[in-house]
Each structure stands twice: as C-alpha cells, then as structure tokens.
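J.: What follows is a predicted structure for the sequence shown.
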Amino acid sequence: MEIKNTEEIEAILKRFIAQSKDSFLMSKLQGVQANWKIYLTEDHMITQTAAISLAKNRETAEYSIFFNKFFLETHVENENQLVFVFLHEIMHKINGDLVREKKYSNFRIRDIMNVIFDIKINSYIIKNYLKEGYHFLRKFYFEKGKKSTSLLLWPVFSFEDLKDNKIYTDKTLQQKTHNVICRSLFKKPKDIKNKKALADWYVDAWFSECSVGQLLDRFFTIVDMKKCMDFYKLLGKHHKSYGPGGAEKEFNIDLEDEPAVDNVAKVLEAIRRAIQEDGDNEVAAKVITTGRGVVPYMGRREMFMMRRGMYPFFFPNSLERDSISLRNVNLYVDVSGSFEDQQALIYKIVERLKNEINDPVYLFSTKVIPVTISELVAGKVVTTMGTDFNAVAEHALENNFSKMLVVTDGMGRLSNVNIQNIKSRHMEVYLVLTEENINGENHNEATAWESVAKKIWNIDIK
C-alpha cells in the first residue's frame, strides 16, 4: 500500500474512527487521541515496521506512533490492514504495556513479554474488531519452509475458525491448533523441554483469559533458557530488512564476548576456504592507464598551450599495459537489518582471519562502505539497514576486482545487467550464506546471487 505522507494515514484513521460503532473502543481511543502524533518514516533505525513510544517532546505529543514507509508498501495491502497495525500499536498504550515492559531489567524477559503482549493484542483485535487482521498476520509472519521461526505469533488456526469467534470457545478447534504445534519442527528442538506444554501455552495465550504474568512464568518451565540464549529471536523475531533502507547510520557493536554459537568452527572454515580459493595464483590482467603520446588529444592543458601559439607535441593518450597481481579476495560483509543478529559472530571470525584478507573490508547495505580491518575489529558498523546487492556488484565491477567473497544471509537480487557483466569479466564470486532459505525460496532463480557464484558455503548459524 503506497502512502505518501502522514496526512494520508491520519485520514484513514479518522474514517475508521468515524465509522466505528463500538462504544468501548471509541471511549478508549478518545482518551488517548489528543496525545498521539503520527509519523511516516523511511529510517529503519526508528522502526522496520510500526512502533509506539513515549515522545521526547511532551509539549507536542505524549505518544509517537511510527509507520515505516517501506513496510506499508511491502506488507500492508489495504486500509483495513493499516488500521489493524495502528490498533495493535495503540493497544500497547491502552493496555499499559509500555509501562509494564519497563519494569523488567533483563532484556530477554522484556523480549518474551513483548511476544506475549503481541499475541494477546492480535487475538483481541481479530476477535472483536477486525477479522481481516488474520490475513495480514498469516502473510506477515509466515516464512516459507521456516514457519516455526515466528510460530507463536502466527495464527495456526484457519480463518473459518474465526466465524462467530468459534475458535475462542470450541475446545475441538483449539485441539486442532494444539496438534499443529505438537507436529511443528523446530530448528533447535532440544531448547524446548516439553512440546506439549508449549502447545498448551500457545492455546492459552491466544484463546483464554490467562494473564500475561501467568504466561511469562509458564514460559520458563517450557523453554531451556540456558541453552537458548535468545528465544525471542528464534520464535518471535520476523522483521527482515531489505530494499531501500533509510538514512546512513554509524555505530559500534560489542565484540568483547565470544559469540555463543555451536558451529563457529564451521563458519570459520567456510570463510577461510573461500578466502584461500586460488589465493596463490598469479593472474595477468590488462590495465588501462594514461600516458603521454603523440596522438593529438585536446585536453585543457593542450588547448591553453595552443591558444598561446605553442604546439604541445605530446598529448594524454590511453595505454593498455600488462599487470601481474595475486587473486586476493575482496571481502564484503552484510550489515543490513536482516543480518544484524549475526554481525558480531562474523566480525569475530574476520578478526581471526585478518592476516588472510585484503584491507579494507567492505560493509554493505544499500551502500558499500570501506572500513579498515582495525575499524572492523573495533566493531564499526555503517549501514542504512536495507539491502542492495546490485550496489555490491557495481562496486566490485567499478574497481575491476577479479575475486570477491560475500558473507550474507542471502536475501537480495542482482539485475540481469550486473549478472552479465560479472560473467563477461570472469569475476570469481564466492558466497557464504548463513541461512537455509536459498535455492529459489527467496530469490528469482534468473536473478539470484547463486547464478554467478563459483562456490557457495551454506552454513546455518542460528
């Protein structure tokens, strides 16, 4: 859904409020409507989807509601779905979630609380106000082949089950949902102590009056938090940042702690093998340089001399020379929003291999930013949070690189023009992909990175 400005969002919300006949909802909205301000943003650092927060300037608005423009264009199909997203955010304020969440200093507990808040709010809205929110949730939280990564937030039941709100009272329908959870495959099944208990938890979170506090307490009896360092990212995190991105941001990530990932050695070995592939082979290349020759070419210097009555005799001419160089790898590291959870691990691995790669290293999102290895080891990140693989290809082509290694999660496209240019230059492209969603699931096979890669190492690091 294309939204050009904040006024369009406000007009849609005003129409919804004017047409709504639910007195309870209207009384709640009227209590906060005077104190909210709507923002349309392209900055992924503010939000990749939608968010509500306490405003810094209390004189203008007590609450700020942000909508990411790219999120609306990509995931929100119509006005009803935009209203659903709005209701979800404003319900966090109405329910007091913003205040309750701040009571927890442990970030993992806050993350789990946010998942519980989201489930309860989504269930409440589709039950009482907008059934169409169901279709938005099914599309937004579903990842092909990886449904379990956002299973708790994904409606496992069918839309027909919502007719007359049957699913909320019919134990038979709830049992079908329970069975789906029990049959689901998880990437780290050992982190779940009791899958049946997780299915019970899901049914209660979606369909019962079970409190947030009770759900939180039960959650820790179901999940082994010692093994699963961030369960929210396994079952709750879903925001993939790709596309145009926002303003360029620079910050540093903490690399002091060793990443807690079981197969660090596999990722390290994959990157080292890609770096060392043909690394000692010399290659003869034709390099175009500028030299002085007798073929007339009128540059500014030559025109100046001619006006003064002097003949230059020598002119700037393009010359082709042979150059012998090593096939050193040029490393491109993904720093887009979808890769943020994996950056610390990759940075630590690059630190181990700093004597085997070219300096600088290239960070990429929608832009390619060179950083020295020392800056990377210090944790420097420069990103727009979006992803544009064509920027990577064009950077490598402009710099006449013979070999490049791209470390990414595989989400992106290459234009046909860049594919043909890479092939015609015989550029060696190596990929280390850190997710299992390749082979066409998130790519058009005719325009994917894999179509130009000489070798691919596919390593799951979650």
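T.: Everything's here; your move.

J.: mind checking pLDDT for the most centrally placed residue in the chain?
T.: The centroid of the chain falls nearest to Ser338 when counting by CA atoms, centre = their mean (2.3 Å). Ser338 carries a pLDDT value of 70.

J.: now Asn399
T.: For Asn399, the model assigns a pLDDT of 88.

J.: Nearest residue to it in space, please, no chain neighbours.
T.: Nearest non-adjacent residue to Asn399, counting by CB to CB, 6 or more residues apart in numbering: Asn330, 7.7 Å away. Bear in mind the C-beta positions are built from the backbone N, C-alpha and C, glycine included.

J.: For that neighbour, give its distance to Val406.
T.: Using CB to CB, to the nearest Å, we find Asn330 at a distance of 10 Å from Val406.

J.: Neighbour count for these two, which is higher?
T.: Val406 (25 against 19; other CB atoms under 10 Å).

J.: List the residues that contact Lys120.
T.: For Lys120, the contacting residues are 95, 205, 212, by CB atoms under 8 Å, 6 or more residues apart in numbering.

J.: Centre of the chain to the helix or strand containing it, how far?
T.: Element membership for Lys120 (DSSP states H and E) is helix 107-128. In terms of CA atoms, centre = their mean, to the nearest Å, the centre of helix 107-128 is set 21 Å apart from its chain centre.

J.: can you check stretch 197-210 too?
T.: 29 Å.

J.: Averaged pLDDT, that stretch. What do you get?
T.: Mean predicted confidence for stretch 197-210 is 93.

J.: Name the residues of that stretch that come out as buried.
T.: Buried residues in stretch 197-210, counting neighbours by 16 or more other CB atoms under 10 Å, are found at 198-207, 210.

J.: what do you get for stretch 26-43?
T.: Of all the residues in stretch 26-43, those buried under the rule 16+ other CB under 10 Å are 28-29, 36, 38-41, 43.

J.: Can I get those in CSV including pLDDT and distance to Val381?
T.: Formatted as CSV, these follow (pLDDT from 0 to 100; distance: CB to CB, whole Å):
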residue, pLDDT, distance to Val381
Lys28, 80, 40
Leu29, 82, 39
Trp36, 85, 32
Ile38, 90, 30
Tyr39, 91, 24
Leu40, 92, 26
Thr41, 89, 20
Asp43, 77, 15
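
J.: Switch those residues over to TSV; also include secondary structure and distance to Glu2.
T.: Shown next, in TSV, are those (DSSP: H, G, I helix; E, B strand; the rest coil; distance: CB to CB, whole Å):
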residue	secondary structure	distance to Glu2
Lys28	helix	30
Leu29	helix	26
Trp36	strand	23
Ile38	strand	17
Tyr39	strand	17
Leu40	strand	11
Thr41	strand	15
Asp43	coil	18
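
J.: follow-up on the earlier one: could you dump the buried residues of stretch 197-210 to TSV with secondary structure?
T.: Output for these, formatted as TSV (DSSP: H, G, I helix; E, B strand; the rest coil):
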residue	secondary structure
Leu198	helix
Ala199	helix
Asp200	helix
Trp201	helix
Tyr202	helix
Val203	helix
Asp204	helix
Ala205	helix
Trp206	helix
Phe207	helix
Cys210	coil
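
J.: Tell me how many other residues surround Tyr134.
T.: 19.

J.: Let me see the contact set for it.
T.: 126, 155, 159, 162.

J.: ok, now Ile94?
T.: 28, 31-32.

J.: Tell me the spacing between it and Ile52.
T.: Taken as CB to CB, the span from Ile94 to Ile52 is 10 Å.

J.: And Glu42, by the same measure?
T.: Taking CB to CB, one finds Glu42 at 18 Å from Ile52.

J.: now Gly386
T.: For Gly386 relative to Ile52 (CB to CB), the value is 23 Å.

J.: Same question for Met1.
T.: 20 Å.

J.: Spit out the residues that contact Asn330 and Val406 alike.
T.: By CB under 8 Å, 6+ apart, no residue touches both Asn330 and Val406.

J.: Skipping its backbone neighbours, what lies nearest Val212 in space?
T.: Per CB to CB, 6+ apart, closest to Val212 is Ile116, 5.3 Å.

J.: ok, back up a step: any idea which of the buried residues of stretch 26-43 is closest to Ile459?
T.: Nearest to Ile459, judged by CB to CB, of those is Asp43 at 31.2 Å.

J.: List the contacts of Phe389.
T.: Phe389 touches 364, 406, 408, 412-414, 449, counting by CB under 8 Å, 6+ apart.

J.: residues in contact with the spatially most distant residue from the centre of the chain?
T.: Of all residues in the chain, Gly309 has its C-alpha farthest from the mean position, at 63.3 Å, by CA atoms, centre = their mean. Shown in contact with Gly309 (CB under 8 Å, 6+ apart): no residues.

J.: How many residues are close by Lys127?
T.: Neighbours around Lys127, by other CB under 10 Å: 16.

J.: One more: the one 5 residues further on?
T.: Glu132 is flanked by 18 other residues according to other CB under 10 Å.

J.: That one touches Glu77, doesn't it?
T.: No - Glu132 lies out of contact with Glu77 (CB atoms under 8 Å); the separation is 9.3 Å.

J.: Check whether Tyr332 really touches Pro360, as I assumed.
T.: No - counting by CB under 8 Å, Tyr332 sits too far from Pro360 to count as a contact (10.8 Å).

J.: Between the two, tell me which one has more neighbours.
T.: Between Tyr332 and Pro360, counted using other CB under 10 Å, the more crowded position is Tyr332 (24 against 16).

J.: Output the below-cut-off pLDDT ranges for the stretch 1-150 of the chain.
T.: Within the stretch 1-150 of the chain, the set of residues satisfying pLDDT under 70 comprises 45, 55-61, 98-108, 142-150.

J.: got the residue ranges for the helices in it?
T.: Along the stretch 1-150 of the chain, the segments classed as helices by DSSP state H, counting those that start in this stretch run 6-19, 23-33, 69-75, 79-94, 97-101, 107-128, 133-141.

J.: out of those helices, deepest packed?
T.: helix 79-94 (a mean of 20; mean count of other CB atoms under 10 Å).

J.: For it, output the C-alpha coordinates as PDB.
T.: The C-alpha trace of helix 79-94 is given here as PDB (Å, rounded to 0.1, in the frame of the first residue of the first chain):
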ATOM      1  CA  GLU A  79      -6.800   0.500   4.700                       C
ATOM      2  CA  ASN A  80      -8.200  -2.200   7.000                       C
ATOM      3  CA  GLN A  81      -4.800  -3.800   7.400                       C
ATOM      4  CA  LEU A  82      -3.300  -0.400   8.100                       C
ATOM      5  CA  VAL A  83      -6.000   0.200  10.800                       C
ATOM      6  CA  PHE A  84      -5.100  -3.200  12.200                       C
ATOM      7  CA  VAL A  85      -1.500  -2.200  12.500                       C
ATOM      8  CA  PHE A  86      -2.500   1.100  14.100                       C
ATOM      9  CA  LEU A  87      -4.800  -0.700  16.600                       C
ATOM     10  CA  HIS A  88      -2.000  -3.100  17.500                       C
ATOM     11  CA  GLU A  89       0.300  -0.200  18.400                       C
ATOM     12  CA  ILE A  90      -2.200   1.900  20.300                       C
ATOM     13  CA  MET A  91      -3.400  -1.100  22.300                       C
ATOM     14  CA  HIS A  92       0.100  -1.300  23.800                       C
ATOM     15  CA  LYS A  93      -0.600   2.100  25.200                       C
ATOM     16  CA  ILE A  94      -4.200   1.400  26.200                       C
END
